[in-house]
Every structure is written in C-alpha cells, then in structure tokens.
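Visitor: How does the following fold in three dimensions:
(4 chains)
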4 protein chains.
Amino acid sequence: MYQKILNEIFNEVNRLNLQGKQADYIPELAKISPDKFAINLTELSGKNYGIGDINDKFSLQSIAKVFAFTLAYKLKGNEVFRHVGIEPSGDPFNSLIQLEQEEGMPRNPLINAGALAICDVLIDELPNPEQDLFDFIKKIAQNNTISYNPKVYQSEKKTSYRNRALINLMKSFGRIHNDTEAVLDLYFKLCSVEMTAPELSRTFLLYANHGKLPGTQEQILTSSQSKRLNAIMQTCGFYDEAGEFTFRVGLPGKSGVGGGIAAIHPGKYAVAVWSPLLNPKGNSVKGMKALELLTTKLGWSIF
Amino acid sequence: MYQKILNEIFNEVNRLNLQGKQADYIPELAKISPDKFAINLTELSGKNYGIGDINDKFSLQSIAKVFAFTLAYKLKGNEVFRHVGIEPSGDPFNSLIQLEQEEGMPRNPLINAGALAICDVLIDELPNPEQDLFDFIKKIAQNNTISYNPKVYQSEKKTSYRNRALINLMKSFGRIHNDTEAVLDLYFKLCSVEMTAPELSRTFLLYANHGKLPGTQEQILTSSQSKRLNAIMQTCGFYDEAGEFTFRVGLPGKSGVGGGIAAIHPGKYAVAVWSPLLNPKGNSVKGMKALELLTTKLGWSIF
Amino acid sequence: MYQKILNEIFNEVNRLNLQGKQADYIPELAKISPDKFAINLTELSGKNYGIGDINDKFSLQSIAKVFAFTLAYKLKGNEVFRHVGIEPSGDPFNSLIQLEQEEGMPRNPLINAGALAICDVLIDELPNPEQDLFDFIKKIAQNNTISYNPKVYQSEKKTSYRNRALINLMKSFGRIHNDTEAVLDLYFKLCSVEMTAPELSRTFLLYANHGKLPGTQEQILTSSQSKRLNAIMQTCGFYDEAGEFTFRVGLPGKSGVGGGIAAIHPGKYAVAVWSPLLNPKGNSVKGMKALELLTTKLGWSIF
Amino acid sequence: MYQKILNEIFNEVNRLNLQGKQADYIPELAKISPDKFAINLTELSGKNYGIGDINDKFSLQSIAKVFAFTLAYKLKGNEVFRHVGIEPSGDPFNSLIQLEQEEGMPRNPLINAGALAICDVLIDELPNPEQDLFDFIKKIAQNNTISYNPKVYQSEKKTSYRNRALINLMKSFGRIHNDTEAVLDLYFKLCSVEMTAPELSRTFLLYANHGKLPGTQEQILTSSQSKRLNAIMQTCGFYDEAGEFTFRVGLPGKSGVGGGIAAIHPGKYAVAVWSPLLNPKGNSVKGMKALELLTTKLGWSIF
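Guide: Numbers count the residues shown, from 1 in each chain, chains lettered A, B, ... in the order given. Below is the predicted model of the structure:
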C-alpha cells in the first residue's frame, strides 16, 4: 500500500510545478540540481518504500540538530533544559532579538542558538566531542558510513557570520562555556552530515519507536524522553512555520535548508523527503506538499 | 479503569500542595474559592468519569474562543485564515508588539487579538450574532442551558483596557469591520460562558470525534477541519506555554484564566480539569499537573 | 536683513520642486491645497517678517502638544516627569511597542502617548480643563481669537483608532486616571488648534525668551524650565527624525502633520514655516528645507 | 571666574556623596580608585582651568569614538552617512535588536555598532589604519604622547563578546568589508586611548572652535561639519540618556564608561570631567552633576 501511495504522491507533486528557491548562502548547496526529489518511508518493522532520487546523499543541515539534542538529552536528562527551552520561537527570522530579550537563553534546541548551546553541552560532556558525536550518529543510523561533507563544512565555516553573532551574544550572557570557535566547528560539522532519504527515514525510526533502536530494540531515549522530543519537534521543528506544518501535515518532524524533511508517526513509521527548492521560510516546498498528501491519503495524522 | 485513574490523580495532585494565584483582574473571578478542583473525562461513547467539584460551573474564558473559531471556520472555510494566522505567538505577554509588527494580523485565533478578529467575522456573517453564536454553543454542547455569567461579563466590560488597545490597533490597520464596542461586547459575552467540567469535556468530544457531534454524529466540521483545529490547539492553545504543555501532556487543548483546561485524545476521549490557581503564564497549576499524570498513567499521548 | 533672507529662501525652496504627500488620514487635512507655503520669523523685540500664505490658518496638530506640556510643567513643576520621560523615542512608527515594553510610561511629552498622558494630568489639575487650557493658549499666544477647528476635531475623533489603542494600553498599566474618552476629547481639541504662521511664531517667542511672554515679560515658565523644554524639543520634537533635524537645522523645534514647524533660536527669534507636503516621517518637506537654509544663510545654529 | 566656579562645583559635588558603580567588565578599569575626580575647562583662547586629579590619565572608551568619526567624516564627507545614521538609538541596552531590525545599519556613529562601522571605513580608507588613526588623534590633541593603554586593550580584546556579536551581525548583512578581527582590533585600540582631563578638554576645543585646531586655526572639519558633529553629540552622545543630559546640561558632549565626559559650548569653551563611578546607564555620576552645575552657575546652556 505504502509504495503505491508514495508513487501517487511523487507524481502528483511533480505535476504541481511548485516553485521555490535553493539555499544560496552556502555555495555547495546552491550547486545541487533543483530537480532532485525523493520520498522514502520506513515502517517500524524495517520495511522500506522509496521513490525518486533515493540514492543521493543530501546535506541534513538543521535536521541533524535532532541527533545532537538526542545525545545531550540522553547524557544529561532534564538537566539539559537548563541550557535550552522548549517553546516555539515565534519570531520569524529575528532570532537575535528574542535571544537578547531572553538574556541568551535559546527558546528551544532546534533553532540555531539552541543547537549551538547543545554543542557547547556536548563539548562539556564528551571526552572526544567530535568523534563521540559522530559515533553516536552512526549508531542511531545503524550505519557506519555516515559522515559529513567537508566542502559544505568549510563553506559554512567561512561564511556563517550570523551564527557567530548568536554564539558571541550567548557568550556575553555567560551561557557558552567553551571557546566559541570550537563550538562553531562542531556545529558546522553536525550541520554538514549527509544521508540519503532511506538512511534518514531509517534513523528517524528511533523517534517513532519510543526511543528504541528499531532492530536491536536498544533503548536510546526513555519512552518519556522520546515522547517529549517528538513534542518539541511538533512545536519547534519548522522555524516559524511550525504551526503551518502541524496544521497541514500533523506529524512531528524536522526540516533543513538542504531541502530535507524527516517526520514520524509514533508507533507506525518514519518518512524522509528531499527536494532542494525552499519556500521563503526555508522549508522544502515539495517536501511539505508530499507530507501533506501522505497524511491526507493515509487518513492518519496524530490529530 | 478511567474512574480509578482519575481518583488517583485527584489525590496525588492534592497531596502536592501546588501553589498558584487566582486571576485578580476580574473581581468576579477573584471571589471563587481557591480550593475548587474538578477532573472529568468523557469517552467517545459518551461514558463519563468525574471527581471533585464537578457540579460547579466555572468561567470558560479563553477556552470559549475555540467555539467561536469553530463556528467561523464552519461558516467561512479556509477563508477564515485571511483574518487570523495559525502560528504560535512566541512572545510572552507582549501581544501588542507582535500585532503591531505584523500590521494588525493576529498570529492565531486563540490569542485575544485573534478571538476579537473572529468575533468581528461572526458579526459580519451572522444575522443575529449574539443569539446565533450562543445557539451554536448550545448545539455543540448538546445542552440548552449553557449561558454566560452576566456579572463576569459586566466586570470584563468595565476593565478590559488591554483588549480595547488590541482592537483599536487592529482597527487602525483596517482589520476590524464593525464597531469596536460591538465586537468587544460579543467577545466579553463569549469569554463569560460558564460550564461544569462534565459539560466542558462533553462539548470537546466534538474535537476528539473528527468534527462530529458525539450523539447524532452530525458533522459540524469536516474531518480535515477538525484535524486542523486540533493542530492549532496543540501549537497555540496555552499562550506562550504551548511548548511546555505539549512537552508534558502531549494532547491538543485549550486553557482559560478561569482555571479550566480542556484537552482531547483524538479518537479516544475529551477531558476537562478545573482549579482556579494559575501559574505566572495564566494556566491552571493543578490542571496542568493532572493532565500530565493522566497521559503518563494511561501511557498515551499523541506522540 | 531677515526679510531679504526669507524671500530668498522662499524662492529657493519653491524652485527645488520638492515632493511630498499630504496627511490623508484626516479628511479635513487632505483638502488643503498642496501649494500652500508660508515662512514667518519674529524677533524677540516683536519685529515680524513673513512671506507666502501668512494669512492662512493651518492645523497645528502635534505642535500644540508643546502648549499643553508648557501648562502642565507650569502647574506641576518636575512632578510632571512622573507622567512622561524626556528621552527620544528612537522607534520609528512603533510607539506601541516601546510603550508596552516600558509599561505604559511614554518616552517624552511630544509623542502621542506622552501628550495623552499630559492631557490626563491637565484634567486632574484644572477645574475646567478645556476652557482653562484654551485660555492658557490664548494667553501665551497673546491673542484671544485662537481656537480649534471643529471639523478637524470631529474628523480626528471619528478615526483615531491608534490613539485609542495607545490610551487604552496606558490605562491597562494604570497610567491614566480619567475616562479615556474624556482625555481623548481634550487631546483632539488640542491637536485641532489653528494658527497662521505669524501667530505661531509669535507664540513660540515665549521659548526663545527664556519663558517670559515677549510683551509683558510675564514669567510663564522659569528660565530653567524654558531651557529644559527647549532641550526636549531638540531631542524629541521631530518624531524619529529628531537627529536629522538637529543635524540639518540645529535649532529646537516641533513639527506637526498639518505641515507646520515652529523653531526657536534662544535669545534671538522664533520662526514658523508651513507647507502641507510631508516626508515619509510626517515632517513638512519644504519646512525642513526652509529652516535648513535659514540657519545656513544666517550662519547661526545653536551648535 | 572659571577657576572659582570649578572649585565650587568640585566641592559641592564631593559633598553630595553621590553613589555609583565602576565598570567591572574590564578588569583594568575596575582597579581605578573610585575617589578619582577631575574637572577641567579650556577656553577657546587656550586658557586652562582645572581642579582635582587632573594629572591622571584615564581610559577614554566611547569618547574616543568621536575622534574616529571626525577622521572618517573628514575623509569621506557626507558619504560617511552611507555607513551610519544620525538618529538617537532610543533602545536602552538592546542595540542588537535595533541593529537586526534595521538590517545592520547602525543608528549613529557614537554607539558601539556605529563606531565599529566607522573603524571598518577607516581600514578601507587609510594606508596604515592604526598608525594613521593615532597620528590623527595626536594631531587634534596637539600632543605627540597620546597613546592607548595596552592592558586595557588586551583586556577588551579578550572579553568583548557583545562587540563580536555586533560586528558579526553587521557582517551577515554585508555591512563590514574587512576581516572582523581586524576591525575589532582597531576599535579596541581606539577605546583604550588615555588622556588626562586637560588633554581631553583641549582636544575637544576643536568642536567648540567650528572645526579648527585652536592654536594653528587649521581647518580639520568644515564649519558645517563641525556644527553637524555637535548636533550628533547632542542627540546621541549619552547612550539612552541623551535626553537626560540635554535636559540637565544643555551642551553637546560624549561620555565613556571609563568615567569621563567631554562637552563643549560652541564658541566658548570645552570641558572634561572624570570620575569612575557610573550610573546604571553607564554615565559618570559626578561628571553629569558637575556639568549640570556648570551650566547652571554660568547661566549658559545652548538652549
């Protein structure tokens, strides 16, 4: 059933001739063909259904923030919420404004400021931050080949003035313990992680499976933690379009400016979509549409 | 099973000796005994379980905004979103700031500005706005005795300077078509609606039942509209604590400064809690805790 | 000398063919011919020099706020600064934002919120607020015929939603003691005061003359109060263009959306200009230019 | 006459036992004795009057921004206003908020963001930026020994996260052409310039003398530029206390968190005061009081 529905959605979305714009602030991302489009769904059982460019790796960008937060949450439990909040940010692009008004405390772990604070926590907690974080990502992806794209990483490192503004503002409020460049370096590597759509949806099964790895059933997050992370994705996973996504799709998920979106139906499946054309809010145009059609056709959202 | 769980929660919450503060800006609300506490759950089948002060009516306040929006959504379909957005507001108490920055367009129908815009829509659309709105509320409550408290209404009418500021600001942006005092009058009556906890949870069954009245199965909202309204409640139903509520409880719902909270598990049940002690964000302290324990004990949230 | 310079300036400004836009939110103001242009300078001695439409009365609008503040300062001394501040507002049009952030305390007496607070003070202090205020304006104008335009007053009363938003926001913070409509009524009458350019520059002589009426030398404000009011005009008299005016003209003054500007050189003269064409900040385009040329040609600014 | 008045003021201010707090974010500044107090006035003729710790050098901090802007204004003329505005900032401490809302364009050259933009301009314009800037400062000070304090410079360089946030935010809007660390380095050296009170008041004579060096009468700024720079100091020279200073003192000037204030009466004198105790807005408590008494006793302000 799933394969048929994915095929329908794929064709339907392509016919709509949706317009969007590739992320251009990172030259490496601007080079991707705008026609790329992939949808992949993985059931809890591990059964996989895909269509389109499912063998292409793409840059996860903000989607990878979920993995860093998962590790920090696992390591620190609720203590992690002394470093980041759990409320949506509301303010569209103006994260510095809110961050200044709230004295350097990021609204949630899925905005840039929050992910930087989480990287700072990981450097505090891990003996070998970079290696340990990537080992963790490989583990939850159940795939030892996962890595970051060095060109994207270099590209971000060179141009990311706004992230430097954010971290220095947080540092001025005493909220960053480590050297700002060390934190930024880990953050840029994290955002440069690459996966194919099937690799991404498989990795997100963890969140559909109440915190357990789908194969071994090893408990990575407790069931309660997993529920709570899903709640954070629901309210904060789509920049200031969280309401729009919740309204149209009704599943917890996370998007990235690489054009990827991962979402889950708890207890049922994880799904990853990818198309580099973004709407003005930075979310994949085809990806949003594909997921909206998915929950419409399945008749299932969590609401 | 439900009755036993409600009893446990009721006792457990009472033992916690939670502190809060009654709404004091409306004299009538400040007079309510701070010890009042009720929990009531209604299954889709109509089976009802309650404990505590379940025969006391309380002031719905912001919870009633859901009913006004339900009617406007039914009447106008997606056109209603030309008057209000669907994004969480993010800004804590400062709704005027965001409203000015966004040129008088309210972020969502569940903040004060949004509910005022919805009342303006209802006056545009209904031949006898007040009577038609209250007839609609009686219909979805399946209870002809539902009414507003005239003292609370008078009290709000006399003191509500901030709502007057909001509506005049929207009017200055051309977003209110009717006389501001007429819109405020309907709004104050709406917020003064009273129900008992069982009446409230029964009324919310509509949203747990995919838009159909639980008894007659009459379709009030389409299944898709109901899903979407639930999504709006999830992301916007708790002022700037929507993230906190989603994180701890994981159900769509709506709170009011009268101390009530209504929430639903789609396809399963509606639940209403009431205790007038509020946290600094304006949400019922005991109510939040009771609902957190409910989804923990049941092992069910939507995530 | 002055007459020759005014003639030069008048011709020079007219040749520049400056563009602007009349205030259109008040229908009565939109009806004024856009070609009207007057310049009038009065020396401390009372000697008067004028050119252009100097026999036309125009609506003072915000310029009249200076008179209300003068009276309140005279009545309450430094106590008046418990009701309004003395800092420039900085925020362009967004006075509600700042007013909300600063809990309803207006930045200064020359923005709308501040003038509303001053009208509230006058109602507190005066036995017959309207008559007493207008008697005071007649006195400092040394002219018993000064009055307000009833059509402009009615026009403002009907449409002024933003001022209603401001006063209700202040009232919600407990900063307005009297009925909001009574305060607005006095404020609208104040803003509707009409004068010719010679009447206006003669009235402003008070501020060039260290607080004394030019003829009788009656002390209306103390010398220190007059100095301080001039300082407030310098930093706050031109909405968020105070810096621009100070930079180009270098004199304390006050503008109004009726197209008038009054300014003074302490110890030397008062000057009034009028042309209804406004720049996007709400200041008279020809008026700003005329005053810039005046201080350039005279070689005198206060700096 | 001046010496007698300075003596009176010095004693009167000391008797008032004013409280304040030294800048503590720079360890080197926190080490200064809180009792230091100096007043120095220099007439246009060069005649000098001083009392108190007039042989101690102190850190000019923000006062030195005036010198960098003077050089940039001299080099670029009105083109310099493509890099900075001329309006007061209004927002108390929150310069990042305004800077983000206004897309990285600083409100004026005397706030941190504006001085950073000016340093960027100087690096663009000067063959040897650091040496050329310091040569210029020596020239207008007519004193070849003027230099910066290397410990203060190192101290600022190590801790100045907020300035790093500001410059990276401006860079993200494309408003900084040079390497951010190079701009910051010049800025930190500029802010670390040290002078005694007599050296400072002598340097400010330039602005009291219509842009000419007091001895040689060499024209550094045109008369019009000097008038305009004075206007900027009047409206923007005291952070968000510009109105307060204008109101109480009525002279153009500039303060620094080192506890210094320099002010001028155009055509008459320049004055420098120094006491490291600051009010919560970052201006010297004794310095503000001393200047208020000065214009009161002299009966002269510019208003």
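
Visitor: wait, what's in contact with the residue nearest in space to the middle of chain A?
Guide: Closest residue to the average C-alpha location of chain A: residue A:63 at 1.4 Å, with Cα atoms, centre = their mean. Neighbour list for residue A:63: A:200, A:254-256, A:258, A:260-262 [criterion: Cβ atoms under 8 Å, 6 or more residues apart in numbering or on different chains]. No exception for glycine: its C-beta is placed from N, CA and C like everyone else's.

Visitor: Nearest residue to it in space, please, no chain neighbours.
Guide: Distance criterion Cβ to Cβ, 6 or more residues apart in numbering or on different chains; nearest residue to residue A:63, sequence neighbours excluded, is residue A:256 at 4.2 Å.

Visitor: Select from the contacts of residue A:63 every entry located in strands.
Guide: Counting by DSSP state E, the part of the contacts of residue A:63 found in strands is A:254-255, A:260-262.

Visitor: follow-up on the earlier one: which among the contacts of residue A:63 gets closest to residue C:273?
Guide: In terms of Cβ to Cβ, no member of the contacts of residue A:63 lies closer to residue C:273 than residue A:255, at 55.7 Å.

Visitor: Any figure for the gap between the closest one and residue D:172?
Guide: Plainly put, residue A:255 is 21 Å away from residue D:172 if you go by Cβ to Cβ, to the nearest Å.

Visitor: So which of these two has more stuff around it?
Guide: Between residue A:255 and residue D:172, counting by other Cβ atoms under 10 Å in any protein chain shown, residue A:255 is the more crowded of the two (29 against 22).

Visitor: mind checking pLDDT for that one?
Guide: Residue A:255 is assigned 96 on the pLDDT scale.

Visitor: looking at this, residue A:264 is in a strand?
Guide: Yes - Residue A:264 sits within a strand when classified using DSSP: H, G, I helix; E, B strand; the rest coil.

Visitor: Grab the nearest non-local neighbour of it.
Guide: residue A:208 (4.0 Å).

Visitor: hang on, the earlier thing: would you mind measuring from the residue nearest to the centre of chain A to chain B?
Guide: Using Cβ to the nearest Cβ, to the nearest Å, residue A:63 is found at 18 Å from chain B.

Visitor: what about the strands in chain A?
Guide: A:38-43, A:48-52, A:58-59, A:147-148, A:193-195, A:253-255, A:260-265, A:269-274.

Visitor: Of those, which stretch is the most buried?
Guide: strand A:269-274 (a mean of 30; mean count of other Cβ atoms under 10 Å in any protein chain shown).

Visitor: tilt between it and strand A:38-43?
Guide: Orientation check (axes from the mean of the first three to the mean of the last three Cα atoms, to 10 degrees): strand A:269-274 against strand A:38-43 gives 170 degrees.

Visitor: For strand A:269-274, report the contacting residues that lie outside it.
Guide: Strand A:269-274 is contacted by residues A:2, A:36-44, A:53, A:56, A:58, A:195, A:197-198, A:200-205, A:207-208, A:251, A:258-265, A:284, A:286-287, A:290-291, A:294 when judged by Cβ under 8 Å, 6+ apart.

Visitor: count of residues packed around the nearest residue to residue A:171 once chain neighbours are set aside?
Guide: Excluding the flanking residues, the one nearest residue A:171 by Cβ to Cβ, 6+ apart is residue D:161, at 4.1 Å. Per other Cβ under 10 Å, the neighbour tally for residue D:161 reads 19.

Visitor: Who are the contact partners of residue D:161?
Guide: Contacts of residue D:161 (Cβ under 8 Å, 6+ apart): A:168-169, A:171-172, A:180.

Visitor: Could you rerun that using 10 Å?
Guide: Applying Cβ atoms under 10 Å, 6 or more residues apart in numbering or on different chains to residue D:161 gives the contacts A:104, A:167-174, A:176, A:180.

Visitor: Just these: which are in helices?
Guide: Among those, the members falling in helices are A:167-172, A:180 (criterion: DSSP state H).

Visitor: any idea which of those has the most stuff around it?
Guide: Busiest of the ones in helices among the contacts of residue D:161 [other Cβ under 10 Å] is residue A:167, holding 29 neighbours.
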